[in-house]
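Trainee: structure of the sequence below:
(one chain, ligands or ions: 1)
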Amino acid sequence: MLKQPENDGLTHFHGFLHADRLLLASPAALADVLVHRSYDFEKPPWSRNFLRKFLGDGLLMTEGDEHRHQRKQIMPAFSFRHIKELYPVFWAESIELCEVVKRELWEQPDKVLDIGHFSTMVTLDIIGLAGLGRDISSLRNNNDVLIENYKGFVSRVTPPIPTMGHGALPSKLNERVKVTTGNLKRICGEFGANKKSRMKMESEEGKDILSIMIRSNNFSDDGLVDQLLTFLAAGYMTYSRIISTLRKFTTTSPDRKALSDPDFDVATLLESLPYPNAVCNEVLRLFPSIPVSARLASRDTTVCGHFIPKGTLLHVVPWATNRDPALWGSDSEKFVPERWIDGSGRCTMNGGADSNYSFLTFLHGPRNCIGERFARAEMRALVAAFVGEFKMRMADPEEKVRPGGRITSKPIDGIRLKLEPVA
Ligand code: HEM
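Mentor: So this is what the prediction gives:
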């Protein structure tokens, strides 16, 4: 925990084999590493090499000029305007989730549901439709070949947190991962190529991220496959959690009938609700999907005026910074959505913290999460639909949900809920 940052927020410690490491705590140190000198720091090669096996050379994996170039090409697909157009997809899939859960409860009203199972499926469906323009329908038990391979791949790969470990897999597992990754690449390649030719022939006007990238004409077929794999991983693995006990919020949940009208501006409504947005922000603050991220100095550089030799390993720890009492106050570990609402009842950007760098869930700067708007819009829709439809409580009120996980954080034993449809 970052209780006593030293040296302008740079804390020195010894890691594996007594190696020198730095922990970044202060806003000024974070600003230097994430924004001002972002390209002096890279993802450590062992984590890049490990993830590259699965993701190819997508945005997450590239560095330096290649990253700058790719990021510029991909940015427009994640612009505010495009994400706004995707809200109806997020909303429709959120309603679908509620319908599937209601059907389960109708068959067995007392049933305890592991909500992680449903959030995994709806997340895949959303990244399928909004990311790739592909109707995966895993909520409706469709056997989509891409998803079957993808699930196999995720279940086989249980790597160490990439920023910490060295990424070696036992050779048998390595072999199987190679086969699944090969399958995935082939399926993504075929899908991308088919979509490209359909778009040429039928002037298909998809609003999904992939369509926008294809229309830009900036990507080779192989380039598209790498980005596709990255979006699947980033959109899916960061998200399998999120919906929790938000009873109070139902009182401000939107009118579902109005929202199902195709002319209704879902985006503006969902973005304007203060309490639901405050709840989403507070969940993102306390439970960042990527709890720790590492950077390696790729040249001699400085942070807050301190000399940092090439090869120094630095850690950014969203889990700790987002909960730091020095930044968030004495209730920093508590779930207090109200901290995101100002005196006039509007949702604030910073949750009462003094600096942007108090909230690191999506990081900041040129290597921040390009999917932040996508992720936030998806979450708003899911939370609004779900809490508008169900009263929730923990199946065992005494149970403590234990956070854990590897690359991304999630409740280690799932979250079992008792749900009751709102009358
Ligand atoms: C709650 C959901 C999400 C969280 C908390 C999250 C968080 C992050 C973080 C912390 C990074 C930086 C990783 C690092 O440099 O160490 C990142 C990068 C990235 N994210 Fe997300 N992400 C989320 C959802 C998404 C979604 C839905 C997409 C795409 C559809 C996405 C696409 C990406 C990509 C492409 C990068 C690499 C950006 C770059 O290096 O320039 N993310 N994300």
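Trainee: would you list the phi and psi of Gly404?
Mentor: phi -170, psi -150 (degrees, to the nearest 10).
Trainee: looks like it contacts Lys410 (just checking).
Mentor: Yes - with contact defined as Cβ atoms under 8 Å, Gly404 counts as touching Lys410 (7.2 Å). C-betas here are computed from N, CA, C, even on glycine.
Trainee: for the residue in the stretch 251-400 of the chain that the ligand sits nearest to, what are its contacts?
Mentor: In the stretch 251-400 of the chain, the residue that lies nearest the ligand is Gly371 (2.2 Å; Cβ to the nearest ligand atom). For Gly371, the contact set (Cβ atoms under 8 Å, 6 or more residues apart in numbering) comprises Phe78, Phe231, Ala234, Gly235.
Trainee: out of these, which are close to the ligand?
Mentor: Subset of the contacts of Gly371 in contact with the ligand: Phe231, Ala234, Gly235, counting by Cβ under 6 Å from any ligand atom.
Trainee: over to the residue lying closest to the first one once chain neighbours are set aside: give its phi and psi.
Mentor: Setting aside the residues directly before and after it, Phe231 is nearest to Gly131 in space (Cβ to Cβ, 6 or more residues apart in numbering), at 4.9 Å. Backbone dihedrals for Gly131, given as degrees, to the nearest 10, come out at phi -90, psi -50.
Trainee: now do Asp354
Mentor: Backbone torsions of Asp354, given as degrees, to the nearest 10, read phi -70, psi -30.
Trainee: the stretch 1-150 of the chain: strands as residue ranges?
Mentor: Assigned by DSSP state E, counting those that start in this stretch, the strands in the stretch 1-150 of the chain fall at 10-14, 20-24, 41-42, 112-114.
Trainee: follow-up on the earlier one: from what I can see the residue nearest to Phe231 touches Lys207, true?
Mentor: No - counting by Cβ under 8 Å, Gly131 sits too far from Lys207 to count as a contact (11.1 Å).
Trainee: more neighbours: the two, which one.
Mentor: When neighbours are counted by other Cβ atoms under 10 Å, Gly131 and Lys207 differ, and Gly131 comes out ahead with 24 against 16.
Trainee: what's near enough to touch that one?
Mentor: Contact analysis of Gly131 by Cβ under 8 Å, 6+ apart lists Asp208, Ile209, Leu210, Phe231, Leu232, Gly235, Phe374.
Trainee: any figure for the gap between the first one and Met392?
Mentor: Looking back up the chat, that one is Asp208. 31 Å (Cβ to Cβ, to the nearest Å).
Trainee: next SSE downstream of the helix or strand of the chain with the lowest mean pLDDT?
Mentor: Each helix and strand of the chain was given a mean pLDDT (mean pLDDT, DSSP states H and E); the minimum falls on helix 256-260 at a mean of 59. For helix 256-260, the following helix or strand on the C-terminal side (DSSP states H and E) is helix 266-272.
Trainee: residues in contact with that next one?
Mentor: 83-84, 87-88, 90-91, 254, 258-259, 276-277, 377, 380-381, 384.
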